[in-house]
Every structure is written in structure tokens, then in C-alpha cells.
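*Asks:* Could you look at this predicted model? Sequence included:
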Amino acid sequence: MKALIAFVLIATDLTASHAQAQTRPIKIGVLNDQSGQYADASGPASVEVVRMAIQDFGGKLLGLPIEMISADHQNKPDIGSGIARKWYDTENVNVVLDLSNSAVALAVSEITREKNKIMIASSVGTSALTNEKCSLNSFQWSYNTYALARSTTKALVEQGGKDWFFLTADYAFGHALENDARSVVTQLGGHVLGAARHPFGTNDFSSFLIQAQNSGAGVLGLANTGLDVSTALRQAHEFGVLGKSSKMKAAALLLQITDTHAAGLANAQGLYMSEAYYWDRDDDSRRFGKRFSRRSDACRPWCKPVSTRRRCTT
């Protein structure tokens, strides 16, 4: 579970203070998008996972009770920063988890460093958190843009996908994802024929997709996620940029199962992508999925199968 690593780190951090008779609870703050386009991919589901992890620890660590609070940063760095600062200053929060937005995570990381607390970004892509913005107080768990871009991009280039056009979300996450993928394309002898950067939460990708089509690129690199990537995929098929009549392939550099459902299975056919975790991978993941699905309706976008080959557990 995403929260388990956090508890280990808190235990390390609190060992000395525990010896000095600390009596306050260990407090965890889950800060993410609970109402916007990333809500299905983290949001209430991540909050439920943390509750499960607290139960797995028996509700205590080092003899101290574990408490959890949560909040919606609305994908706005100023709101996320304000919440994190309040949590650290007045709510006695020891660690902030999840984040689900790169710009928010980068802002909260600075506050976390300033307050000497702990931040674990478990659904944040930008590799800046472990490169130029690296901090001893902040950790990245599960994936980052370097890992995602390198795995998918390398596979496609080696299969002959040498010419790329990027459709990129115009903020920290998208820029990092495009840059990491670009470096792999050029290192392997490929070429980037162009790029179009779109605002976060775009509804109409037509002009960007026409640029991609006119570029002559053989690969459309989708350096976005959430509703942006699902909307772009649907419209790319509607306009004939992707699909049976097109020679262009698509590489979704960060795609989750919730994005696949939003795009529709037909629009995801032939898509290249890498995934950090899939609930139906093996017996252990399926056991976790069953337990999760019994806990909350928040899991429904996660546990719903893409095909009808396997029934969703309820």
C-alpha cells in the first residue's frame, strides 16, 4: 500500500523523540485532488488506502496512535501550499502523502523542507522531485516521468518509431514528461518533429491534433494524463489522427486504468504505455483489490475490468 513506506519513515524520524516521552499522535495528511480531473486516479481512493494501512499497523506506531486527515488542493499550488503549511504549523501533521499534481508537490516540497517534516509523493510524475528539486525531506514513490518515459519511449523507438510529435500538458508534470521522453528519442537516434503544449483541463484538442497530423510523425507522444489524455485519445480517433486508417501510433506516457475507461476501450486499442501497478496482475494484487473493493465505492474506477473476460469483484 502507498502509505506503508510513510509509516516506516515516520518511525525512523520519531525514534529519538519517542525516547523523550513524546505523547502526541502520529498524524498523516493525505493531500490530493478529490474533486477534479485526477480525483478518480487518487482522490478518495487514496484516502481509503491510507485507512487500510493504518488498520494494518493496528492503529499505532511506536505505541502512539496514528491519526489521518485529508484535504482537496483543487490542483492549485497556492491552495496546496496553504493547506500543508497549516497542517505543519497548527495541526501537528508529521507527513503529507499522495499530492497527485506535480506543481502542487513541488510547492509543498519546499514547505516540507522548511518545516523539517516528511512528504511522500505517491501519485506525482515530475522527475524534478528527485533531480533539481531533490530534498532530504521529500520522497517519490511508485513512478516518475523518467521511468515512465524511458520504458515506453525506448520500446517504441526500438520497434521503428523514430519520428515523434508530443502533445504536452503545459505545466511542470507535462514538461518533465516530454523532456524525459525527448532525451530517450534523440539518444536512440530518433527525431522530434514538433510539439504542442495545451492548457491543463483542455476540452478541444483539434488544433493540437492537426499539428501532430501535419508533422508527418509516426508516433504521437501524449505527455499528459487524467481527463486530458482520455479526451485527447477520443478526439484523435474522431479526427482520424489515430485508428485503423492512420499509420500514426500513440504512446501514452502516463496512463492509468481510470484513463482507459474514460477514453473507451476502442480508443485505447494499439496504445503503448507503461503502468506502475495493475490490480489484476497476480493473486496478491487481486486479493488487495477484493479487500479494497469491499471498503468503498471509491475503488470502482480502479477495479472495473477493461475487458469482460474477468468479472469485477464486489
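*Replies:* Good, I have the coordinates. Numbering: from 1, shown residues only.
*Asks:* Can you give me the distance of the closest residue to residue 153 other than its chain neighbours to residue 253?
*Replies:* Counting by C-beta to C-beta, 6 or more residues apart in numbering, residue 153 lies nearest to residue 184, which is 4.2 Å off, once chain neighbours are set aside. Where C-beta positions appear, they are placed from N, C-alpha and C, glycine not excepted. For residue 184, the distance to residue 253 equals 10 Å [C-beta to C-beta, to the nearest Å].
*Asks:* Of the two, give the one with the bigger neighbour count.
*Replies:* Each of residue 184 and residue 253 has its neighbours counted (other C-beta atoms under 10 Å); residue 253 has more, 28 against 20.
*Asks:* Show me what stretch 197-217 is in contact with.
*Replies:* Stretch 197-217 is touched from outside by 36-37, 75, 163-165, 167-171, 174, 193-194, 196, 220, 224, 227-228, 231-232, 235-236, 239, 241, 248, with contacts defined as C-beta atoms under 8 Å, 6 or more residues apart in numbering.
*Asks:* Narrow those to just the buried residues.
*Replies:* 36-37, 75, 163-165, 167-169, 171, 174, 193, 196, 220, 224, 227-228, 231-232, 235-236, 239, 241, 248 (16 or more other C-beta atoms under 10 Å).
*Asks:* hang on, the earlier thing: which ones are touching the residue nearest to residue 153?
*Replies:* Residues in contact with residue 184 (C-beta under 8 Å, 6+ apart) are 149, 150, 153, 154, 157.
*Asks:* On the three-state scheme, it is what?
*Replies:* helix (DSSP: H, G, I helix; E, B strand; the rest coil).
*Asks:* just residue 157 next, same as before
*Replies:* The local conformation at residue 157, judged by three-state DSSP, is helix.
*Asks:* since we're on it, how many residues are nearby?
*Replies:* Count around residue 157 with other C-beta under 10 Å applied: 22.
*Asks:* you'd agree it is up against residue 188?
*Replies:* Yes: using C-beta atoms under 8 Å, residue 157 is in contact with residue 188, at 4.5 Å.
*Asks:* Can you give me the domain assignment for the chain?
*Replies:* According to automatic domain parsing, the chain comprises the domains 4-142, 146-273.
*Asks:* Now render those as JSON lines, adding mean pLDDT.
*Replies:* Converted to JSON lines, these look like this (pLDDT from 0 to 100):
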{"stretch": "domain 4-142", "mean pLDDT": "85"}
{"stretch": "domain 146-273", "mean pLDDT": "94"}
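*Asks:* So for residue 294, which of those sits nearest?
*Replies:* For these, the distance to residue 294 is smallest for domain 4-142, at 10.5 Å, taking C-beta to C-beta.
*Asks:* returning to that earlier point: filter the buried ones among the contacts of stretch 197-217 down to just the ones in helices.
*Replies:* 174, 227, 228, 231, 232, 235, 236 (DSSP state H).
*Asks:* Let me see the contact set for the spatially most central residue of the chain.
*Replies:* Centroid-nearest residue in the chain: residue 123, 3.4 Å away (criterion: C-alpha atoms, centre = their mean). With contact taken as C-beta under 8 Å, 6+ apart, residue 123 is in contact with 2, 32, 38, 41, 42, 46, 98, 99, 100, 142.
*Asks:* Look at it and give its secondary structure.
*Replies:* Assignment for residue 123 (three-state DSSP): coil.
*Asks:* any idea how far it lies from residue 250?
*Replies:* 22 Å.
*Asks:* Just the element for residue 27, please.
*Replies:* Taking DSSP states H and E as the criterion, residue 27 maps to strand 26-32.
*Asks:* Could you list every helix and strand that that strand packs against?
*Replies:* helix 4-19, helix 43-56, strand 64-72, helix 77-90, strand 95-98 (3 or more C-beta pairs under 8 Å, 6 or more residues apart in numbering; DSSP states H and E).
*Asks:* Please work out which of those is packed deepest.
*Replies:* Each of the helices and strands packed on strand 26-32 was scored by mean neighbour count; the highest is strand 95-98, a mean of 28, by mean count of other C-beta atoms under 10 Å.
*Asks:* May I have the strands that pair with it, each with its orientation?
*Replies:* Strand pairing for strand 95-98, determined by DSSP bridges: strand 26-32 (parallel), strand 118-121 (parallel).
*Asks:* Columns mean neighbour count and distance to residue 267 on top of the ones you listed, output as CSV?
*Replies:* Output for these, formatted as CSV (neighbours: other C-beta atoms under 10 Å; distance: least, C-beta to C-beta, whole Å):
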stretch, mean neighbour count, distance to residue 267
strand 26-32, 26, 26
strand 118-121, 25, 29
